[in-house]
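Asker: sequence and predicted model, in that order:
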Amino acid sequence: MKVYLVRHATPADPDKDAERPLSEKGIDDILLVAGRMSESGTVAPERIYHSGKLRARQTAEIIARALDLTESVEEAPGLMPYDDTGGWIDFVENGTSDTMLVGHMPFMARMVGRMTGRTGSSFHMSQVTCLERRGPGDWFVLWNMTPDDLR
């Protein structure tokens, strides 16, 4: 089983729009990353969950369109920046299908830390980290991708 952890793309300046939709740069960046995931033909989560914040929802929707999974996007609780990771750790640990979570820092870094035992992870905007489970509680980072990696 694989879990894809995604930090939302770059949002607009909060002084210009308090809702913080994706900026043009953010849209370009996540289109690049989503396109590469689509080209690989190996990224196919059953569900794509997002925090509900506009920037996370837009990021999830762009990825879903690229992967032809538009019916698989769902808002879910527990993906806000300072939410406890415990519920999602239990969810993916007991899961049987690939899942994508789209959220925020520091939540994403804490998820990687809890899943792999490695702390101090950072997440760039539009970063995707793919983790694979080898056995119960045995997760490892399969790959990371950022827009800068693709330019």
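Answerer: In hand now; what should we look at? Note that the coordinates shown come from a computational prediction; the quantities given were computed from them, not determined experimentally. Numbering: from 1, shown residues only.

Asker: what about Glu71, how many residues close to it?
Answerer: The local packing of Glu71 (other Cβ atoms under 10 Å) involves 8 other residues. Any C-beta I mention is one placed from the backbone N, CA and C, and that applies to glycine too.

Asker: any idea how far Glu46 is from it?
Answerer: Per Cβ to Cβ, to the nearest Å, Glu71 is found 11 Å from Glu46.

Asker: in this structure, which spans are helices?
Answerer: Shown for the chain, the helices assigned by DSSP state H span residues 24-40, 54-66, 86-93, 107-116, 147-150.

Asker: which strands and helices sit next to the shortest one?
Answerer: Packed against helix 147-150, as judged by 3 or more Cβ pairs under 8 Å, 6 or more residues apart in numbering; DSSP states H and E, are the following elements: helix 24-40.

Asker: flag every buried residue along the helix it packs on.
Answerer: Buried residues in helix 24-40, counting neighbours by 16 or more other Cβ atoms under 10 Å, are found at Gly26, Ile27, Asp29, Ile30, Leu31, Leu32, Val33, Ala34, Arg36, Met37, Ser38.

Asker: quick one: distance of it to the chain centre.
Answerer: Taking Cα atoms, centre = their mean, to the nearest Å, one finds helix 24-40 lying 13 Å from the centre of the chain it belongs to.

Asker: pLDDT on it, on average?
Answerer: Per-residue pLDDT over helix 24-40 has a mean of 98.
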